[in-house]
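[1] Quick one, structure for this:
(chains A, B and C)
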Amino acid sequence: MNAILKASGLKKYYGTEPNITRALDGVSLEVMQGEFVSIIGTSGSGKSTLLNMLGGLDVPTSGSVVIRGKEIGKMKDEQLCVFRRRNIGFIFQDYNLVPILNAYQNMILPIELDGNQVDKEHLNEIIHFLHLEEKLSNLPGGLSGGQQQRVAIARALASKPAIILADEPTGNLDSKTSQDVLNLLKVSCRQFHQTLVMITHNPEIALMADRMIRIEDGKIISGVKDKMMTGGMRHAEK
Amino acid sequence: MSNYLFYIGCAMILCSLAAAVLLRWYLVTYTKRLLYCLDEMLAGKEYIEIEDEKELLMAKVEVKLLQMYKLLKQQKQQSQKDKEILETIISDISHQVKTPITNMRIYQGLLQRDDLSLDQCLEFMRQMEDQVDRLDYLMEAMIEMSRMETGIIQVKPVYQSLIPLMEETVCQAGPSAEEKQIQLHLDCDPQLKAVFDKKWTAEAVGNILNNAVKYTRDGGKIVITADITDFFVRIRVGDTGKGIPEEHYTEIFKRFYREEDVQREEGLGIGLFLAQEIVRRQKGYIDVKSQVGQGSVFSIYLPAEV
Amino acid sequence: MLRNNNKVFIRRLSRSCLKTSRNRNIIAVLAIILTSLLFTSVATIVEGSMQTTKEQEIRMSGSKFMMSIKYISEETNEKLLKEPAFSQIGRLQYLGQIEDKKLRKISCDFSWANKTYIDGIFTELQAGKLPERGNEVLVDSVVLEMLGVPAKIGTEIPLTYWVNDEKRRETVKVCGIYKGEANETTSTIYISRPFFERQMEGISVPEDGTAAAGCILLYVSFPSEKNLEQQRAEVLKKAGFDPDAERGEEGFVVSNISTAYENTNEDSPAIFGAAALLILVILLAGYLIISNIFRISILKDLRMYGQLKTIGASPKQLRKLMIRQADLLNLMGIPIGLILGFFLGKALLPVVMQTTIYKDVQEIQPRALVFAASALFSFLTVRISCRRPVKMMSKMSPMQALRYQGKESAKRSRKGGESRQRILRMAFSNVAQNKGKTFFVVLSLSLSIVILNSVLNFTACFDEETFVKGQSGADFIVSNIEYGVKNESDQNVVPREFIREAKKRSDTEMAGRVYFYQPPDEEAEAAMASGAYDGVQTAKVQTVNGKPYSMRMEMGKMLFGLDEEVWNRCKVVRGQLDMEKLKTGKYIVEGTDFINNGEDYEIGLFSLKPGDKVKADIGTCKLEYEVLANVVLPTQLLFTSSMGEGGYFILPSEEYLRQFPGRLPIHYVMDAKEGSFQDIDAFLKQYEQKPQANIKYESVEKVVEDFQQFRGTYSTTGTVLAAIFGVIGILNLLNVILAGAAARQREFAIMQSIGMTRKQLRRLFMAEGILYSVIAGILSLILAAIFSLTTVRALCGVEWFCVYHFSLLPAGVLIPVYLAVSAGIAFVIDKLWNSGSVVEKLRISK
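    Predicted coordinates for the structure are as follows:
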């Protein structure tokens, strides 16, 4: 099966020569459909930049990102937004909930953006699982960090995107809840054959993935190929 | 005045004609796209190009179609795979069934002889019983498999106390553990309640416990605990067995999966799969942590409240 | 292609957006209200003034009819009416002229007219009905008063009247009374048709273009007001007349286009130009505020738009979201603005009309077109002002937007200082930081100050003395009561009794007589018949320096006689005004009027030079004079209808009386001694009331009143304009202070959390607000000074009654007002915005 997500030679430089910062320095990777990949690295290693590039939120200095056979760097802003809405669900480290909408409205926003019907049963399941029933009508300002994070996760799952890009999705949850939430992510991904790329600095969480990519100083140091041959590839391909 | 009306009328007719033509063109292009997608899918193409970056109704339809196509394809692949494995296993089982039956025939023939001592008779009877056990086990496995295939796992979770479940499963596992001189420790708060279907959950926990017993060396120790997390009641089964390598954490729950080095053990590799299936249907999940050589911990998470 | 159907979220999100940014909405709606209010009021005023001007012109012309065809016979009438070219036909048939001693002030016709005519000339029936049978008449209330008859239906009046050359007598019965105007010089008594026909028995109607008994005067309107001249020509041609014929030529008929319709298009370009300019200014001001508000609010919400973008909202959707919000705000603001604007325009229309000659304002009805245009303009303003911020927003990449925290909050985490200076310095740096915003606010505030200062400076330069001097010949000018009403100047003279009385007074600085003779109509007619065109000629120049005088077409010159005292009013242009020489009777002076009532004159109007020898027929004598000087005189001293283009002759009264012995003066001119103005005024007022006085007078006081009203209208218009800009400026100020408060909420909370007191915060806030006004004040003082020295001075140079002097007083008065207002605004916003606990604020701003 083809890779659903393919990045090649991604570079992101800030500044000019003497004081140049290389946030990403030639990163290439492939993610298969249905795969769960974790990206691990210390803070400042470029993992968030990489994730933003994969989702088309940031423009690389050079290199390309191809999603489902389409190079997103070549799309216009308008097209990219529509493409993103249909294919990618983001879970941000700082949630990025729309402050003027309540939790429920935030969750269904990506669905409404595309003018689609909300799969109520599915959504209720997610809400139930994430224990958000009581908080649905709260504005993000009235939610704790953990609750906001759960709303952000619900938002990413509700529209059943093909790819979920998660940036420290459990950063604000205690370790027990983190496990639960991650498992929910995994379960959902299995069910809808979704691809999950997750950033974390926590090795324990990273290990839950099919494959773990380690990134340091803007470069991938391990995890691009080896596991793909054994674990990930096997279940994905056979 | 009437001239004006005439011109306005003409303009309106022209406009509606243009609108009709345009509408037809829209519908034709729409249908063409749709047909293209369907054709590609019928041809079973791996990669279908869709216009999912366009703000069009068609694009939405295409995205949904593709989603369904992929899902169906995956399911098809999965069932194909399952079927193949099933076939090998059935032939495997047939072979395995043949041996005990042949053996039993032999023992039966031997028992029909007159010149046997009581001890010998008893020995043969015991041998036969072993064979029956083995048959029984094989039958059991086949029943489970058929149940799985026909999908008759129908859970009815209710909010109930955990302790009877725990006791039941531990009791069931008791004899085989005793046989291997394995200590069983149960640590469960009697107040603990969770949402689960007792019969099926008992089977799931039992499967995990049986596995633990199976892969723990004689004289080992199995600890069963239950506690509560944010959303779940967690049942942990920890053993001092051989452990599971990290990379196989997700593999072991797959159907018919068996570790390379345990192939000689009895089993079909459906115990954990079944357990996970049962737990998942109750909106719970199972995870595992292990260190090779030290032992493993399987955690069963059951919803703590409705 | 079939577009995606994803509009629902836009509706919801825009509603949520509106709900959250309440403060922005209030200001935006206010701005929209103001913009549409200004549009509507300007449109209403323009519409109303055009309507009023038209209406008044029609009213002033005396009839609604577009064209008149006069003095025609019944046959011609029928010929004309055969063509159905007219939408309205008013018909008047002249019988004769009333003769009555009591009606000397006016000329009164005795005629029959149809109802269309009577309605069409704005006849307001006070009582009764139109005459139908017998000797029933419809009379003017003023005429009844003059006749001394009770204004009652059924009153019988004996009347003497002329039908052609025949004097007749009849007693008529009043069947209806219509409202008369006090100063009207003509009136008509309408008779019934049977009465008219009886009177006309045996009289034939000549068709020679003169007012003979029985002639028909047609007053007609066309369906369209366009190309009236052409329509007139067509109608006349069809009836067999020659539209271009002059009097006396074949096919001539007296026909005129009403003046009210003649020049309807003349002044509209100016009005339209002014309105377009004003609308442009309003558009600009509205644009500035609204776009400012939207820019600030988008910057404030930029993070949110970034978030929306990351989850897949496309720029197009975001644009729609913004525009929908703008539309919703429009929906709230525009109707209010339209209604308020209409009433404001309605209220201001009389003020505006004061600047024109049409003071009598009509009731304006709301017009759909005005509303639609105003709504469209406001709507466009909002849409246009949205464009830039929306574009900026949709261009930004999502990560950029996400990282955006507001420029202000990134800097300055200095400790909240204790000293006043520190606060002032902080205020300074805040104001200096937003150069663009500061510029707008300061500019709009200063604009109003500069406008007010310039206008009031200009009106203050209107010099009363100059104006009065130009608009009046003397403190008092006494004339005959019929002066200006009737042409017979031999009777329009100041009575001897009055002059005797006036001469007795010792409190006059100066008193003198002005003589003028105009031959009676019969004489003028005779002159006309003999080929002398100018009916008012009194001196016919034969030769100048021995050569025949034919430089100009003028055949005659008006001849005035002045007392020595009045000669002092002359401004000598050429030659020497030697009174001794003048009195010898050998000299004559050529004079002309001041132009523009001022100091100016046109030298080209003099056809003679001092030293020229003139031979002229004066009266019946042929006389020879030498021109002594060229002088200029105030118009008021001369004859009202002295419209002659060229110069006129002036003789000293001694010589004048030698030629026209026993003449009485047309004016008696008096200047009061210091302090005795009131006495003379009282004397004249009293004398005027006497039954046989036969005088009227005009005093300089009336001119002063005129002047003050004139100046008042200018000041009011300027003040209204300044007020509009002032409101815009203050709104901008409000806007910028509020925006500052919103953007720096977190910063303020932090400052407060590290020990800045509420009081200090408020002081900082108010210091900022006041600072804008201070900068605006300084800027506007400079600008106003520049304007005063350039534009105002230039304008003063153009207007004859202006004496320029420099003034910054209005600006000086307005600036403190703005200071107070800005401090007040800052105070109120601080109260509204910065209340609540520190923690709460920190939380909200997160």
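[2] Outline the domain layout of chain C.
    Using automatic domain parsing, the domain ranges for chain C come out as C:1-59+C:264-404, C:64-257, C:419-475+C:699-846, C:482-693.
[3] can you put the ones you listed in TSV and add distance to chain A, mean neighbour count and mean pLDDT?
    Just so you know, the C-beta spots here come from the backbone N, C-alpha and C atoms, and that holds for glycine as well. Below are these laid out as TSV (distance: least, Cβ to the nearest Cβ, whole Å; neighbours: other Cβ atoms under 10 Å in any protein chain shown; pLDDT from 0 to 100):
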stretch	distance to chain A	mean neighbour count	mean pLDDT
domain C:1-59+C:264-404	2	19	76
domain C:64-257	52	17	82
domain C:419-475+C:699-846	7	19	75
domain C:482-693	66	17	74
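[4] For chain B, which of those is the nearest?
    domain C:1-59+C:264-404 (4.5 Å; Cβ to the nearest Cβ).
[5] How far off centre is that closest one?
    Relative to the centre of its chain, domain C:1-59+C:264-404 is centred 30 Å away, using Cα atoms, centre = their mean, to the nearest Å.
[6] Spit out the contact partners of residue 20.
    You didn't pick a chain, so chain A it is. Residues near A:I20 by Cβ atoms under 8 Å, 6 or more residues apart in numbering or on different chains: A:Y13, A:Y14.
[7] Actually, chain C is the one I wanted.
    Neighbours of C:T20 in contact, by Cβ under 8 Å, 6+ apart: A:P99, A:I100.
[8] how far away is it from A:A103?
    16 Å (Cβ to Cβ, to the nearest Å).
[9] Need the phi and psi values for C:T123.
    phi -80, psi 120 (degrees, to the nearest 10).
[10] does C:I724 sit in a helix, a strand or a coil?
    helix (DSSP: H, G, I helix; E, B strand; the rest coil).
[11] For it, which non-adjacent residue is closest in space?
    Sequence neighbours aside, C:L38 is the residue nearest to C:I724 in space, at 6.4 Å (criterion: Cβ to Cβ, 6 or more residues apart in numbering or on different chains).
[12] next helix or strand past the strand or helix carrying the one you found?
    Here C:L38, judged by DSSP states H and E, is contained in helix C:22-61. Per DSSP H and E, the first helix or strand lying C-terminal to helix C:22-61 is strand C:67-72.
[13] close enough to count as contact, C:K583 and C:E654?
    Yes - using Cβ atoms under 8 Å, C:K583 makes contact with C:E654 at a distance of 5.8 Å.
[14] burial of residue 23, as a residue count?
    Chain wasn't specified; assuming chain A. Residues lying near A:A23 (other Cβ atoms under 10 Å in any protein chain shown) number 23.
[15] Sorry, I should have been clearer: chain B.
    Around B:L23 there are 11 residues (other Cβ under 10 Å).
[16] Ok, the one 5 residues further on next?
    Taking other Cβ under 10 Å as the criterion, the count of residues near B:V28 is 10.
[17] Tell me which helix or strand it sits in.
    According to DSSP H and E, B:V28 maps onto helix B:2-42.
[18] ok, which residues in the stretch 1-150 of chain C are in contact with chain B?
    Within the stretch 1-150 of chain C, the positions near chain B by Cβ under 8 Å from any Cβ of the partner chain are C:M1, C:L2, C:R3, C:N4, C:N5, C:N6.
[19] dump the residue contacts of the fifth one.
    Taking Cβ under 8 Å, 6+ apart as the definition of contact, the neighbours of C:N5 are A:G115, B:L57.
[20] just checking, it is part of a helix?
    No - per three-state DSSP, C:N5 lies outside any helix segment and is coil.
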